[in-house]
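In: give me a model of this one.
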Amino acid sequence: MQISGKVFAVTGGGNGIGREVVLGLVAKGARVAALDLNEEGLAETVKLAGANGDRISTHVVNVTDRKAVEKLPAAIIKQHGQVDGLLNIAGIIQKFVPVMHLDWDQIERVIDVNLYGVLNTCKAFLPELVKRPEAALVNVASMGAYAPVPGQGVYGATKAAVAQLSRALHSELMETGVQVTGVFPGAIGTNISINSGIMTEEQAKQMAANAGDQARKTTAPAEAGRQIIEAIEKGSYEIFIGGDAKAMSRLSRLNPKNAAGLIYKNMKDLLASMN
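Out: Below you'll find the predicted structure:
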């Protein structure tokens, strides 16, 4: 799919991977409707775009608010004339604790944002996307969708659901012009723990210090954004971002029990430090 001249809606456009995707798309000649709950984050994205900032419209929205999401396609089409792609990048993690210690309000919040948020946007935008000669739907899952991370059980369950939803949508849309891409990032150097509201900045720094070498093996958000845009251009079915995501994908298919044991070994000290 050619990026230039297209219009994309990007959730999570106010920070992290979402911001980098917005910046990368407008740099390639697209127009972008950047969606986020954080108005200040969206303003910063526009500022960082520099001369390309006039290609970005900002929309403050909570993806869990179905009625608000349903109004977005019409608003974007009114402003940009069309919508050719939807990238579901917004997501949150849970408190870093075992499921049995996770409060129900946390469980419901993670499910609402990570799963229902994606369903809300897909249901709202797909009727418009199928009208286009070519269109793109990108859903960001996670390495946690196939590699069980202790302390992120509910988060992983929501991302596994997103992964399977993307595969089903790909099959359902085969005879349309909509290409569907599933994205599986490994560890990315974002502030997701802070943005998820589960840690202060000081706690996030302590977690990174406890992670030691693991924290230094993260993929930069800009590189993740570049790979996602490249996947749109190529019409990729699924992509895995980072050496960790690729290695664990292979190991999880070959020997899932050993993969789970390896992750536990690497994460148990970090999990203990957060409890």
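In: mind listing the helices in the stretch 151-275 of the chain by residue range?
Out: With DSSP state H, counting those that start in this stretch applied, the stretch 151-275 of the chain shows helices at 153-172, 192-195, 201-211, 221-234, 243-254, 256-274, listed in chain order.
In: rank these by mean pLDDT and give me the bottom one.
Out: Confidence, taken as mean pLDDT, is least for helix 201-211 of the helices of the stretch 151-275 of the chain (a mean of 50).
In: follow-up on the earlier one: mind putting the helices of the stretch 151-275 of the chain into TSV with distance to Thr45 and mean neighbour count?
Out: Heads up, the C-betas are built off the backbone N, CA and C, glycines and all. Supplementary listing: the helices of the stretch 151-275 of the chain in TSV, determined by distance: least, C-beta to C-beta, whole Å; neighbours: other C-beta atoms under 10 Å:
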stretch	distance to Thr45	mean neighbour count
helix 153-172	23	19
helix 192-195	14	19
helix 201-211	20	14
helix 221-234	12	19
helix 243-254	25	16
helix 256-274	30	14
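In: how close does Glu20 get to Asp84?
Out: Glu20 sits 19 Å away from Asp84, taking C-beta to C-beta, to the nearest Å as the criterion.
In: sticking with Thr45, tell me its helix or strand.
Out: Assigning secondary structure by DSSP states H and E places Thr45 in helix 39-48.
In: can you point out the buried residues in that helix?
Out: By 16 or more other C-beta atoms under 10 Å, the buried positions in helix 39-48 come out as Gly41, Leu42, Thr45, Val46.
In: next one: stretch 21-35
Out: Residues 21-26, 28, 30-35 are the ones in stretch 21-35 that count as buried (16+ other C-beta under 10 Å).
In: these in strands, which ones?
Out: Filtering these for membership in strands, criterion DSSP state E, returns Arg31, Val32, Ala33, Ala34, Leu35.
In: quick check: bridge partners of the fourth one?
Out: In this structure, Ala34 has the following beta-bridge partners (DSSP bridges): Val10, Thr58.
In: max-length strand in this structure?
Out: Ranked by residue count under DSSP E, the longest strand found in the chain is strand 178-185.
In: each with direction, which strands does that strand pair with?
Out: Next to strand 178-185 in the sheet, as set by DSSP bridges, lie strand 135-140 (parallel), strand 238-241 (parallel).
In: tell me the most buried of these?
Out: strand 135-140 (a mean of 24; mean count of other C-beta atoms under 10 Å).
In: quick one: pLDDT of the closest residue to Arg19 other than its chain neighbours?
Out: The spatial neighbour of Arg19 that comes closest, neighbours along the chain excluded (C-beta to C-beta, 6 or more residues apart in numbering), is Thr45 at 4.8 Å. At Thr45 the predicted local confidence, pLDDT, stands at 98.
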